[in-house]
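Asker: give the three-dimensional model of this entry:
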Amino acid sequence: MSAEDTISAETTNEKKSFFKRLFQPGIQKKQLKKELDSIKIVLNERNQMNYHHSLNIKRMEDSIVGLFSKVNDRILSEVALKEQKSEKKNKKLDFIKEKVNRMAMPVAGEMNITSYFGNRVHPILGTWKMHNGIDIAINYDYVYAIMDGVVKKTGWDAAGGGNYIVVQHNEVYETVYAHLAQVYYNVGEAVKGGFVIAKSGNSGNSTGPHLHFAVKEYGKYINPIPFLNEMVKYNQLLANF
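Answerer: Got it, this is the predicted structure:
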């Protein structure tokens, strides 16, 4: 039997005893008052117990609600943090995808430059002539597109370049590959940086197998060496991005 049941039984017995004596002849008012006060005390104690019991239940409910609220807030915070990190990562990947093209050197391995950009004595004509690119020693080997682009021109350069291919990379840059043995792409076809686009050779005015490589910026020839050096730095920066 619980404490509440015990108190309830005691209260009932007290009431029965009180009313039994109340109707007995000769009962003293002083004794009745004492009995009545005793019943009031018992009832008050019971009410107090019920109050504290209800209060404890309410506190437990509040504690449970508070606990779930904290857990919920923590879960929401963790989800928001993961979404933020994911969004940041996606933005980073989108930047790489949209802004950065793969870059490659025009030939594999170490580049052995045999003739530089600028005025020189032409090896066949014997006169001073502007050399609009660089000559790279390579013996009938693959030639690579340095960046993504679209083939702008292919054919035979009657001015001495022999078989050639021109790739337009964007509105600013285009690259020229000449003295080729074979060209693997046609005008209008898209190429990616690092794609094999031709095979080097000895066509046109040439004293031996090599690749003539030139770069145009806004339609004007520029020195390819600083351009390629910047590409190397850019690739290193991209690798650490």
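Asker: wait, what's in contact with residue 107?
Answerer: 136, 138, 141-144, 200, 211 (C-beta atoms under 8 Å, 6 or more residues apart in numbering). Every residue, glycine included, has its C-beta placed from N, CA and C.
Asker: repeat for residue 117
Answerer: Going by C-beta under 8 Å, 6+ apart, residue 117 touches 131-134, 221-225.
Asker: cool, residue 115 as well?
Answerer: Contacts for residue 115 (C-beta under 8 Å, 6+ apart) come out as 123, 131, 134-135.
Asker: next one: residue 210
Answerer: Residue 210 neighbours (C-beta under 8 Å, 6+ apart): 114, 135-138, 179, 200, 202.
Asker: listing request: residues of the protein with sub-threshold pLDDT.
Answerer: Residues of the chain that meet the criterion pLDDT under 70 lie in 1-102, 237-241.
Asker: what segments of it are helices?
Answerer: For the chain, applying DSSP state H gives helices covering 3-22, 29-99, 224-239.
Asker: in the last one, which residues are buried?
Answerer: Neighbour-count burial for helix 224-239, with 16 or more other C-beta atoms under 10 Å as criterion, is recorded at 224-225, 228, 231.
Asker: switch those over to a markdown table; also include distance to residue 184.
Answerer: Below are the buried residues of helix 224-239 laid out as a markdown table (distance: C-beta to C-beta, whole Å):
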| residue | distance to residue 184 |
| --- | --- |
| 224 | 21 |
| 225 | 26 |
| 228 | 22 |
| 231 | 22 |
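Asker: looking at those residues, which one is closest to residue 194?
Answerer: residue 231 (11.9 Å; C-beta to C-beta).
Asker: which strand in this protein runs the most residues?
Answerer: Criterion DSSP state E: the longest strand present in the chain is strand 173-183.
Asker: circling back to that earlier point, ok, of the contacts of residue 117, which come out buried?
Answerer: Listed as buried from the contacts of residue 117 are 131-134, 222-225; burial here means 16+ other C-beta under 10 Å.
Asker: so which of the residues you listed sit within strands?
Answerer: 131, 134, 222.
Asker: for the second one, list each beta-bridge partner.
Answerer: Translated: residue 134. Beta-bridge partners for residue 134, by DSSP bridges, are residue 213.
Asker: need the contacts of residue 107 in TSV (columns: neighbour count and distance to residue 154).
Answerer: Shown next, in TSV, are these (neighbours: other C-beta atoms under 10 Å; distance: C-beta to C-beta, whole Å):
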residue	neighbour count	distance to residue 154
136	21	20
138	23	19
141	15	19
142	16	16
143	27	13
144	18	16
200	27	15
211	23	15
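Asker: could I get the residues you listed as CSV with distance to residue 155?
Answerer: Shown next, in CSV, are the contacts of residue 107 (distance: C-beta to C-beta, whole Å):
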residue, distance to residue 155
136, 21
138, 21
141, 21
142, 20
143, 16
144, 20
200, 17
211, 17
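Asker: understood, closing this out.
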